[in-house]
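Asker: model this:
(2 chains)
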Amino acid sequence: MSTDTAQRAHRRTRVNTLLLTAPLLAFIAVTFVAPIISMMTRGVYDPTVHDIMPETVAALRTWDRQGLPPEEVYAAAARELTIAREERTIGQLATRLNRQAAGLRSVITRTGRGLSRGADPPWSESLPAIHEGWAEREVWDTLLLTGDRLTGDYYLNALDLQRTVDGDIQRQPESRRVYVDLFIRTIGVSLTVTLLCLAIGYPLAGFIAHAPPRRGRLLLTLVLLPFWTSLLVRTTSWIVLLQQQGVVNDLLVWLGLVPDAERLTLVYNMTGTLVAMTHVLLPFMVLPLYSVMRGIPIVQMQAAASLGATWPRAFARVYLPQSMPGIGAGCLLVFILAIGYYITPALVGGQSGQLISNLIAYHIQTSLNWGLGAALGTILFIAVLLLFVVYDRVLGLDRMKLGA
Amino acid sequence: MQSTADAFVEFLNVGKSYDGQTLAVEDFSLRIPQGEFVTLLGPSGCGKTTCLKMLAGFEHPTAGEIFLKGRPVGQIKAHKRNIGVVFQQYALFPHMTVAENLAFPLQARRVPARQVARSVARALDMVQLSDFGDRMPGQMSGGQQQRAAIARALVFEPDIVLMDEPLGALDRRLREEMQYEIRRLQQRLGVTMLYVTHDQGEAMAMSDRVAVMSDGRIQQIASPEVLYEEPERVFVATFIGENNLLDGRVVEWTPGRCKVDVGNGSSAEALVQAFPVAVDGPGQPTKLAIRPERIELNPAPGRYSNVFEAKVLDMIFMGDHLRLHLELLGRSPFIVKIPNIVGHGAVLPGDTVKLGWLVTDCRALDAAGSAIADGAILAPDPVALANPAETAPEHA
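Answerer: Numbers count the residues shown, from 1 in each chain, chains lettered A, B, ... in the order given. Reported below is the predicted structural model:
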């Protein structure tokens, strides 16, 4: 009897909990999970060619791939291109094919215009007459390649690879290799920023954590101050400081360290990205370190000294191991934030300081190649997840301490 | 400056100021022979921990010099002093097992691994923690952690062991057990010990000598018996045990005996015969200190030179003794303790009784004040607050 009542009460509590959290869960599902899933599907799902030229693609699949396709394929292509021009979907098709093989945009658009002026069968002669591209294998191979709704092309592209019509995967031609280098550069920059933050943040956090309470609070406020300033303001003020006629260069010239004619280029390049990102991300390193270090009584260092340990030994054996959870949390936080950083490199990075997220933004906002943007974003996402798993294996997520 | 040859540790006119103005420790001199157990006893803020830190090398004197085995320690870094320290908060390293904690000082001294293991095992055995070597400090009780901390401070055979209120965090029963255990270990190993506490009971129970400190100075240093029986200052008289204090002025003085007028005028009844300790001539103001248990109620006539009438205000039954609050010469409360033995006599509030005491039990001390008037225990330690019996008497 009583267990039954208890179970019912328990179930009621669970239902209540669920109801109370439902608005939040719904909000997250609508504004976060759904867009991400929809975005990620674009990386592998592209029905453009399949939907606009279904018969052509179906006919191509029966083609023995010796020489050029038979007349019926040409006929289907001419028919469907005419429809596509009337329905104004021919532009999408041209863009999609052009991404796969440069130059196909003009083949499609000129053919659409040519067909609308009137053309007659046999299509295997009249199409090449409109544009000589139809007499070559490339356009047909590309149509066949892109004819599936599901495609791995965006991911291959994101990794500087491409698929040949025979199904082999090979590297992109050298001039089109961009993303692997950019991923490597992004990871390199993130690692450098993380190490810089650690090098600056560790002594700072230690000093604040073991300062007298009043001074500690003041210093912590100074560390947090940047959080209350707009990111744009902080980043642009670095431009003021670092530009060729900026404060830093003026100072160096005034000190005679740098001749006036050879002012240093400190911004709109990698240096600018590193300096500004380290500054912006420093609090994320200091806060977890501070919260961990405050729990390490300074009397332990005295104890270590009384037991005969030199300061370096006491630090390495007593202080450092106890501050490891803070180091882990701070580095993970800074690295993950850095690897997806976008605004700061965009503003102060110039050409050489751009990171992968700037390219993602370019594909989403400017080139409108959402499939490639999605693939790049997903790869970045997976990289971060992998990092989490590695961190959990090595240090344990449960040992991580964030914030004060 | 030269250290005295027989002193193992010597503080010579040591002073310490943190802010350059107020002195935390002032003109502190102390000699400790090898193997002695010396306790610095005093209320919080009296400078006792500062002295310990200066010897350990965590703080540096601003005046004077400290000698260890005849050598000035000023130039020796903390990690080279070979001094074992036990801290109030244990300061065990929480990320190491107990055995690793004990091995730490040996590894720092580059002792070979096999010998480290042997020494650690022996030290653990010494504090009855043999089965706890693999535990993390966080998995042990306070008492066990404290024993591990003591073992760690002893395992490298230091010249001297310093303990800073090591039992402060333990409950009363465990504290008494540990007092005994520490004392036994110290005697067995013959190690020199400098111990800091605010708990007079602890100091009395463990030490060869106790230095009572207040306001950065040593008030008196002596064996526990001498401190109790022959306090030289009002502060010591009231900080150690309990004392009745009577304000007065010396009217007659000879070595070994003086007469002190404690009345408002100069009626004969208010003249008390006392043993002069801090007075050396007539006319000087003084405070008389008389232990409550050294006063006899309704004594046989002619037995004491000091006999006065007093009115009983209150009587408190304390179990092993009775505690009388009396009014004597218009002052109250004057405390008398009578042992609860057969025939102690029935006394009721409102009765008038006769009190008698020996001249030697009535010490004429300085007039400066008491532990409370000094302001020394205005902020008593929380532990002392929790155990009111251990604080200085409130009625002085």
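Asker: C-alpha from now on. contacts and neighbour counts both.
Answerer: OK.
Asker: Contacts only, for whichever residue of the stretch 51-200 of chain A sits closest to chain B.
Answerer: Per Cα to the nearest Cα, residue A:198 is where the stretch 51-200 of chain A lies closest to chain B, at 22.0 Å. With contact set as Cα atoms under 8 Å, 6 or more residues apart in numbering or on different chains, residue A:198 has these partners: A:285, A:327, A:330-331.
Asker: what secondary structure does residue A:367 sit in?
Answerer: Under DSSP: H, G, I helix; E, B strand; the rest coil, residue A:367 falls in the coil class.
Asker: give me the number of residues near it?
Answerer: Using other Cα atoms under 10 Å in any protein chain shown, residue A:367 has 13 neighbouring residues.
Asker: Please identify the helix or strand for the residue of the stretch 51-200 of chain A closest to chain B.
Answerer: Assigned by DSSP states H and E, residue A:198 belongs to helix A:179-209.
Asker: Report the buried residues of that helix.
Answerer: Judged by neighbour count (16 or more other Cα atoms under 10 Å in any protein chain shown), helix A:179-209 contains these buried residues: A:179, A:182-183, A:185-187, A:189-198, A:200-202, A:204-206, A:208-209.
Asker: what's the next secondary structure element after that helix?
Answerer: helix A:213-224.
Asker: Which strands and helices lie in contact with that following helix?
Answerer: helix A:179-209, helix A:270-293 (3 or more Cα pairs under 8 Å, 6 or more residues apart in numbering or on different chains; DSSP states H and E).
Asker: just the CA coordinates of that helix, formatted as CSV?
Answerer: Provided in CSV are the C-alpha atoms of helix A:213-224 (Å, rounded to 0.1, in the frame of the first residue of the first chain):
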residue,chain,number,x,y,z
PRO,A,213,40.9,39.7,0.5
ARG,A,214,40.4,43.4,-0.2
ARG,A,215,43.2,43.7,-2.8
GLY,A,216,42.1,40.3,-4.2
ARG,A,217,38.6,41.6,-4.8
LEU,A,218,39.8,44.7,-6.5
LEU,A,219,42.1,42.8,-8.8
LEU,A,220,39.4,40.3,-9.7
THR,A,221,37.1,43.2,-10.6
LEU,A,222,39.8,44.5,-12.9
VAL,A,223,40.1,41.1,-14.5
LEU,A,224,36.3,41.1,-15.0
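Asker: isn't residue A:274 right next to residue A:191, touching?
Answerer: No - in terms of Cα atoms under 8 Å, residue A:274 does not count as a neighbour of residue A:191; the distance is 10.4 Å.
Asker: The stretch 1-150 of chain B against chain A: which residues are in contact?
Answerer: Neighbours of chain A within the stretch 1-150 of chain B, by Cα under 8 Å from any Cα of the partner chain: B:56, B:58, B:78-85, B:87, B:91-93, B:95, B:104-105, B:108-109.
Asker: Go through the residues you listed and flag which are in strands.
Answerer: Taking DSSP state E, the ones among these that sit in strands are B:83-85.
Asker: Any quick ChimeraX command for the buried ones out of the residues you listed?
Answerer: A single ChimeraX command selects the buried members of these (16+ other Cα under 10 Å):
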select /B:83,84,85
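Asker: Can you convert the ones in strands among the residues of the stretch 1-150 of chain B next to chain A into JSON lines and add a column each for distance to residue A:54 and pLDDT?
Answerer: As requested, these are arranged in JSON lines below (distance: Cα to Cα, whole Å; pLDDT from 0 to 100):
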{"residue": "B:83", "distance to residue A:54": "88", "pLDDT": "93"}
{"residue": "B:84", "distance to residue A:54": "87", "pLDDT": "93"}
{"residue": "B:85", "distance to residue A:54": "85", "pLDDT": "94"}
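Asker: Check the ones in strands among the residues of the stretch 1-150 of chain B next to chain A against residue A:154 and report the nearest one.
Answerer: residue B:85 (66.1 Å; Cα to Cα).
Asker: Out of the helices and strands packed on helix A:213-224, which gets nearest to residue B:220?
Answerer: For the helices and strands packed on helix A:213-224, the distance to residue B:220 is smallest for helix A:179-209, at 40.0 Å, taking Cα to Cα.
Asker: Report the angle between the closest one and helix A:270-293.
Answerer: Calculated by axes from the mean of the first three to the mean of the last three Cα atoms, to 10 degrees, helix A:179-209 forms an angle of 40 degrees with helix A:270-293.
Asker: can you state the direction angle for helix A:179-209 and helix A:213-224?
Answerer: Angle of helix A:179-209 versus helix A:213-224, following the same axes, to 10 degrees, is 160 degrees.
Asker: Most proximal residue of the stretch 1-150 of chain A with respect to chain B?
Answerer: As assessed by Cα to the nearest Cα, chain B sits closest to residue A:10 within the stretch 1-150 of chain A, at 33.9 Å.
Asker: show me where pLDDT drops low in the chain?
Answerer: Because you didn't say which chain, this covers chain A. A:1-3, A:397-404 (pLDDT under 70).
Asker: My question was about chain B, not that one.
Answerer: Residues of chain B that meet the cut-off, pLDDT under 70, sit at B:1-6, B:264-269, B:342-345, B:369-396.
Asker: Whichever residue of chain A sits closest to chain B - nearest residue in space that isn't next to it in sequence?
Answerer: Closest to chain B within chain A is residue A:308: 4.1 Å, counting by Cα to the nearest Cα. Spatial nearest neighbour of residue A:308, chain neighbours left out: residue B:79 (4.1 Å); criterion: Cα to Cα, 6 or more residues apart in numbering or on different chains.
Asker: and that neighbour, how many neighbours?
Answerer: 23.
Asker: rewinding a little: what's the burial count for the residue of the stretch 1-150 of chain A closest to chain B?
Answerer: The number of residues packed near residue A:10 is 12, by other Cα under 10 Å.
Asker: try residue A:148
Answerer: Neighbours around residue A:148, by other Cα under 10 Å: 18.
Asker: show me what contacts it?
Answerer: For residue A:148, the contact set (Cα under 8 Å, 6+ apart) comprises A:46-47, A:49-50.
Asker: tell me which of these is nearest to residue B:351?
Answerer: Proximity of the contacts of residue A:148 to residue B:351 (Cα to Cα) peaks at residue A:46, which lies at 109.4 Å.
Asker: Any idea which residue of chain B lies closest to chain A?
Answerer: Counting by Cα to the nearest Cα, chain B gets nearest to chain A through residue B:79 (4.1 Å).
Asker: That residue is in contact with residue A:313, isn't it?
Answerer: No - using Cα under 8 Å as the test, residue B:79 is too far from residue A:313 to be in contact (10.6 Å).
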